[in-house]
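Trainee: Below is the sequence, then the predicted model.
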Amino acid sequence: MNRQAIILNTIVFQEQLEQGLGQADLLEFVQALGLKRLEIRSEFLRDGQEELRDIRRRADELGLALFYSANVDFLQGDRVNPDLAKYCQEAEQLGAPFLKVNIGDAGAISREALEKWWTSFSPKMDIRLENNQDPLAARLTNCQRVMKLIHEAGLPLSFVFDTANWVFVGDSPVEAAELLASVTTYLHCKNVKQEGETLQASSFFDGELDLVSLIKAFPNLEYLALEYPASLQQVETDLVQLEELELSSLSL
């Protein structure tokens with residue numbers, strides 16, 4: 001796997017963020033690791049438009065590419081989230097190739113409502129939908145239903161598969177991969193392990209999931225990100241191991 005194709009989500013630098021660094025400050029860590037891609041998280045932004053401009057400026061100076069994850073739901077009741085335009089604009093400011101959002105609950109949405117939204121909104125920004133840890137919306141049955149409705153409505157929206165979030169909501173990542181691989185274009189990779197009575201996110205090779213086998217199930221994969229808190233030493237160790245993987249079926 002090519003190291004420079006790997007995206008780091010800013011949750012990787014949780015320790016630095018808790019020490020008061022902003023997301024713009026993380027770009028130099030990314031460069032020091034020999035990487036080229038960082039995914040900004042909306043919930044970690046503190047200064048609105050000014051911060052977005054600063055992040056973009058510093059990324060351009062360092063030759064790094066930015067991605068954008070907004071911690072909002074695509075579906076809200078019987079409609080598509082009306083704030084998506086705002087988040088698409090923020091993604092454009094960062095120069096991100098797409099906007100990643102949570103999938104949301106499909107219990108009240110219809111194919112007709114999706115078609116109407118697409119016609120009226122006509123987003124210029126590519127939008128991709130992820131399973132988060134919502135106990136209802138992130139279940140496999142709901143994710144399947146959303147992607148089925150999107151297919152029936154003819155919308156060019158693809159799925160972001162978070163490898164460990166399935167475990168947090170009681171579903172099997174292997175079963176989810178079997179059912180959603182064809183519509184998945186982006187992987188958010190983290191492992192998971194039991195610590196006492198609690199499930200905890202863990203690093204790529206340290207957990208209960210065989211992520212190496214799992215990621216080989218996706219024929220249409222375009223992007224892969226690491227999304228778990230880790231020390232810089234742990235990230236470097238994982239990157240070295242990932243570089244040794246032979247994933248001929250993936251363009252990574």
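Mentor: All right, it came through fine.

Trainee: in the stretch 101-250 of the chain, which spans are strands?
Mentor: With strands called from DSSP state E, counting those that start in this stretch, the stretch 101-250 of the chain shows them at 126-130, 158-162, 184-189, 191-195, 198-202, 223-226.

Trainee: how about a markdown table for these, with mean pLDDT, mean neighbour count and distance to residue 68 added?
Mentor: In short, each C-beta sits where N, CA and C put it, glycine included. Shown next, in a markdown table, are the strands of the stretch 101-250 of the chain (pLDDT from 0 to 100; neighbours: other CB atoms under 10 Å; distance: least, CB to CB, whole Å):
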| stretch | mean pLDDT | mean neighbour count | distance to residue 68 |
| --- | --- | --- | --- |
| strand 126-130 | 97 | 21 | 10 |
| strand 158-162 | 98 | 24 | 12 |
| strand 184-189 | 98 | 23 | 12 |
| strand 191-195 | 95 | 15 | 24 |
| strand 198-202 | 95 | 16 | 21 |
| strand 223-226 | 98 | 22 | 12 |
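
Trainee: contacting residues around the nearest residue to residue 154 once chain neighbours are set aside?
Mentor: Distances taken as CB to CB, 6 or more residues apart in numbering put residue 115 closest to residue 154, at 7.6 Å, once the chain neighbours are dropped. Contacts for residue 115 were tallied using CB atoms under 8 Å, 6 or more residues apart in numbering; they are 153, 154, 155.

Trainee: Check those for burial and list the buried ones.
Mentor: Among the contacts of residue 115, the ones that count as buried by 16 or more other CB atoms under 10 Å are 153, 155.

Trainee: Tell me which of the contacts of residue 115 fall in helices.
Mentor: residue 153 (DSSP state H).

Trainee: Could you single out the nearest of the contacts of residue 115 to residue 6?
Mentor: Minimum separation from residue 6 among the contacts of residue 115 (CB to CB) is found for residue 155, which lies at 28.3 Å.

Trainee: what about that closest one, distance to residue 167?
Mentor: Applying CB to CB, to the nearest Å, the value for residue 155 to residue 167 is 29 Å.

Trainee: do the same with residue 179
Mentor: Residue 179 sits 16 Å away from residue 167, going by CB to CB.

Trainee: need the strands of the stretch 101-250 of the chain in JSON lines with distance to residue 236, can you?
Mentor: Output for the strands of the stretch 101-250 of the chain, formatted as JSON lines (distance: least, CB to CB, whole Å):
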{"stretch": "strand 126-130", "distance to residue 236": "26"}
{"stretch": "strand 158-162", "distance to residue 236": "23"}
{"stretch": "strand 184-189", "distance to residue 236": "16"}
{"stretch": "strand 191-195", "distance to residue 236": "17"}
{"stretch": "strand 198-202", "distance to residue 236": "16"}
{"stretch": "strand 223-226", "distance to residue 236": "12"}
